[in-house]
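S.K.: Return atomic coordinates for the entry below.
(chains A and B)
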Amino acid sequence: NAGVTQTPKFRVLKTGQSMTLLCAQDMNHEYMYWYRQDPGMGLRLIHYSVGEGTTAKGEVPDGYNVSRLKKQNFLLGLESAAPSQTSVYFCASSYSKVQGNYEQFFGPGTRLTVL
Amino acid sequence: EDKVVQSPLSLVVHEGDTVTLNCSYEVTNFRSLLWYKQEKKAPTFLFMLTSSGIEKKSGRLSSILDKKELFSILNITATQTGDSAVYLCAVGGRNAGGTSYGKLTFGQGTILTVHP
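M.R.: Sure, this is the predicted structure:
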């Protein structure tokens, strides 16, 4: 099992450009999450999904959109990037109906710089 | 709004020392508290503490949960340079409807540096 994978690993954008980050998991997890991590601030939840076709806002959703068209994939979009969105982005997944636990498994992260 | 505060924010020790990391929390309808270790990559899971499991141990690491005082500690004995990392504490609660969707609120993390 690959676990949780993210693409790309690094990206540099100019202000106003758009991009999509892709997260994929092969653990048949129901729930998926997007976080951003900034120095001294831990992990903050951007958006999350409790199943295919559903999404919900987290703590810091402004400037981001998400979609979950397939159970194994969760996409994070930036329509018009701003320097304040320079961060490391982590995707995570959790909850198997079979196992019934809520431990979150994380992807390797995407380092995004907006100039 | 759920809140998690970790202390200290950073800690420098020498190999062989014992360290205690603290995590205090406020959460609506507590469900679980998790500890993660983060080196220069993704957080990796250490422990999950719940109402039915308030003490966990794995090798040199151990953790306890005090639900009355709303805090947890992570102990690392006989530290090694490989223990150098950011340690993250996270709590999960339930909303008014009783569901949690596995959402976690993370603390700022404690940066542990272990010198040889």
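
S.K.: Contact residues of chain B facing chain A?
M.R.: Within chain B, the positions lying close to chain A (CB under 8 Å from any CB of the partner chain) are B:4, B:9, B:31-32, B:34, B:41-45, B:48, B:88, B:90, B:92, B:100-109. C-beta here means a position set from N, CA and C on the backbone, and glycine is covered the same way.

S.K.: out of the residues you listed, which are buried?
M.R.: B:4, B:31-32, B:34, B:42-43, B:48, B:88, B:90, B:92, B:100-109 (16 or more other CB atoms under 10 Å in any protein chain shown).

S.K.: Contact partners for B:Pro8?
M.R.: Contact partners of B:Pro8, counting by CB atoms under 8 Å, 6 or more residues apart in numbering or on different chains, are B:21-22, B:110.

S.K.: now A:Ser87: how far from chain B?
M.R.: Per CB to the nearest CB, to the nearest Å, A:Ser87 is found 14 Å from chain B.

S.K.: now do A:Leu22
M.R.: 16 Å.

S.K.: Give me the nearest residue to that residue, chain neighbours excluded.
M.R.: By the measure of CB to CB, 6 or more residues apart in numbering or on different chains, the closest residue to A:Leu22 outside its immediate chain neighbours is A:Thr7, 4.9 Å from it.

S.K.: ok, the one you found touching A:Leu21?
M.R.: Yes: between A:Thr7 and A:Leu21 a contact is recorded at 7.4 Å, counting by CB atoms under 8 Å.

S.K.: So between the two, which is more surrounded?
M.R.: The residue with more neighbours, out of A:Thr7 and A:Leu21, is A:Leu21; 21 against 13, by other CB atoms under 10 Å in any protein chain shown.

S.K.: got the contact list for the more buried one?
M.R.: A:6-8, A:34, A:75-77, A:89, A:91, A:110, A:112.
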